[in-house]
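Peer 1: here is a sequence with its predicted model. Questions after.
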Amino acid sequence: MFNFQYYTPTRIIFGKGTENQAGQLIKEHGGSSVLIHYGGQSALRSGLIDRIKASLDQAGIPHVELGGVVPNPHLSKVREGMALAKENGVDFILAVGGGSVIDSAKAIAYGLADPDHDVWELFQHTRTATACLPLATVLTIAAAGSEMSNSCVITNAETGEKRAYDDDISRPKFSIMNPELTMTLPDYQTESGCTDIMMHTMERYFTQGGNMEITDVIAEGLLRTVMKYAEILHSDPGNYEARAEIMWAGSLAHNGLTGCGNDGGDFATHMLEHEMGGMFDVTHGAGLAAVWPSWARYVMDNDMDRFVRYAVEVMGVERKAGMSDKEVALAGVSAMEDFYHRIGMPVNMKELGIAPTDQQIEEMADSCLRATGGGIGSAKRLTREDMIAIYKMARE
């Protein structure tokens, strides 16, 4: 195992009706003027925003609101939120939504805390954040894990770049998690979220060193749990226990727990998908499902022990007499594809609904190379040629 630091300062308030505590919790954390940031009309139609505003009113905290965050959240909305917050003296951001809303809120918080610099510079990695306004979340989509993580991803629609920035100073002060708030989600969005949760764990699982047995067992148990309840939700979307299991798994998958002791993880699949999201605006979890099988088959020879263990311990592959490691590993990938299909997820770009040209694939590879500083990966460090090969495999 390698040395590691585990830092998870976010307070979790989990269960039914917990959104009604938002005002008091913000007051406890020193907030005196709040920007409520959310996505589409569902938060309004469901009455969630009204309940949160009533909670803030009861706590005596003035507030303004800004909706309209879209999947793959845009830099333009971040700038709009910064302007509105400055105009109203906001000192606390409350994100009401899923990963896109939370990521947008984090970017707004960065920008407000350092108004003399362009916030996009953080995502270009030309400077490091020195401050971040306090923020909290009311989670409505179990997927990204942003409610406990140090990361956020923003899309610059003008340039087509989708970029991430990670810093512990952006971790939410608290996150309210009521599984009931996820029950109105379309099945495709629910299952895309389950896929994202699994990938956050898998990115940390396929590494070249530092693996701890306890971390592996936690990761494998989390993956098996998500698979079980993802299938339940596919046929029974109103199942509260399944919603609760998935919601908590999403937080544990991306708060650092499943990477303790290893080399930091692979994250090549995520970076490859970011380029697909930036160019084609695909749903993030579905995009991950569409590229992972091709990545897995391409890199497995470089990390065979991990792929064999994954096949047996997570996918339940029975190793029969005479099976080679490669056959076991490939059976694990095929079993994963079968699972994706059972929950309505794609396993390639054609099923995802995109068909990039060779030129577009080269553009995505070049952009990914720039975003990763020259390469990415732990199971296998990917070069430009590797990225192109994986994209083309996923396109077929």
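Peer 2: Perfect, I can see it now.

Peer 1: when you work out contacts or count neighbours from here on, use the C-alpha atoms and nothing else.
Peer 2: OK.

Peer 1: centroid residue for the protein?
Peer 2: residue 144 (2.6 Å; C-alpha atoms, centre = their mean).

Peer 1: grab the nearest non-local neighbour of that residue.
Peer 2: residue 99 (4.9 Å; C-alpha to C-alpha, 6 or more residues apart in numbering).

Peer 1: surely that neighbour meets residue 143?
Peer 2: Yes: judged on C-alpha atoms under 8 Å, residue 99 makes contact with residue 143 at a distance of 6.9 Å.

Peer 1: contacting residues for the residue nearest to the centre of the chain?
Peer 2: 98, 99, 193, 196, 197, 250, 254 (C-alpha atoms under 8 Å, 6 or more residues apart in numbering).

Peer 1: quick one: which of these has the most company?
Peer 2: residue 250 (29 neighbours; other C-alpha atoms under 10 Å).

Peer 1: just the contacts of residue 144: which are in helices?
Peer 2: In helices, judged by DSSP state H, the following of the contacts of residue 144 are found: 99, 193, 196, 197, 250.

Peer 1: just the pLDDT for the fourth one.
Peer 2: Read that as residue 197. In this model, residue 197 is scored at 97, pLDDT.

Peer 1: start the count at 18 instead of 1 going forward.
Peer 2: Got it, the first residue is 18 from now on, which makes the last one we talked about residue 214.

Peer 1: quick check: it vs residue 304, distance?
Peer 2: Residue 214 sits 13 Å away from residue 304, taking C-alpha to C-alpha, to the nearest Å as the criterion.

Peer 1: likewise the third one?
Peer 2: Noted for residue 213: a distance of 9 Å to residue 304, by C-alpha to C-alpha.

Peer 1: all the strands of the stretch 18-167 of the chain, in order from the start?
Peer 2: Secondary structure of the stretch 18-167 of the chain by DSSP state E, counting those that start in this stretch: the strands cover 28-31, 51-55, 80-83, 109-114, 152-156.

Peer 1: mind listing what's buried along the second one?
Peer 2: By neighbour count on 16 or more other C-alpha atoms under 10 Å, the buried set for strand 51-55 is 51, 52, 53, 54, 55.

Peer 1: dump those residues to CSV, plus distance to residue 244.
Peer 2: Listed next are those as CSV, based on distance: C-alpha to C-alpha, whole Å:
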residue, distance to residue 244
51, 37
52, 36
53, 33
54, 31
55, 29
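
Peer 1: redo those as TSV? Include pLDDT and distance to residue 388.
Peer 2: Putting these into TSV (pLDDT from 0 to 100; distance: C-alpha to C-alpha, whole Å) gives the following:
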residue	pLDDT	distance to residue 388
51	98	33
52	98	30
53	98	31
54	98	27
55	97	28
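
Peer 1: burial count for the spatially closest residue to residue 18 that is not a sequence neighbour?
Peer 2: Of all residues not flanking residue 18 in the chain, residue 227 sits nearest, at 3.9 Å (C-alpha to C-alpha, 6+ apart). Residue 227 sits with 17 neighbouring residues when counted by other C-alpha under 10 Å.

Peer 1: could you double-check that residue 227 sits in contact with residue 279?
Peer 2: Yes: contact criterion C-alpha under 8 Å: residue 227 and residue 279 qualify, at 3.9 Å.

Peer 1: mutual contacts of the two, please.
Peer 2: 18, 19.

Peer 1: for the closest residue to residue 168 other than its chain neighbours, give its distance to residue 257.
Peer 2: Leaving out its chain neighbours, the residue that sits closest to residue 168 by C-alpha to C-alpha, 6+ apart is residue 183, at 4.2 Å. Computed as C-alpha to C-alpha, the residue 183 to residue 257 distance reads 32 Å.
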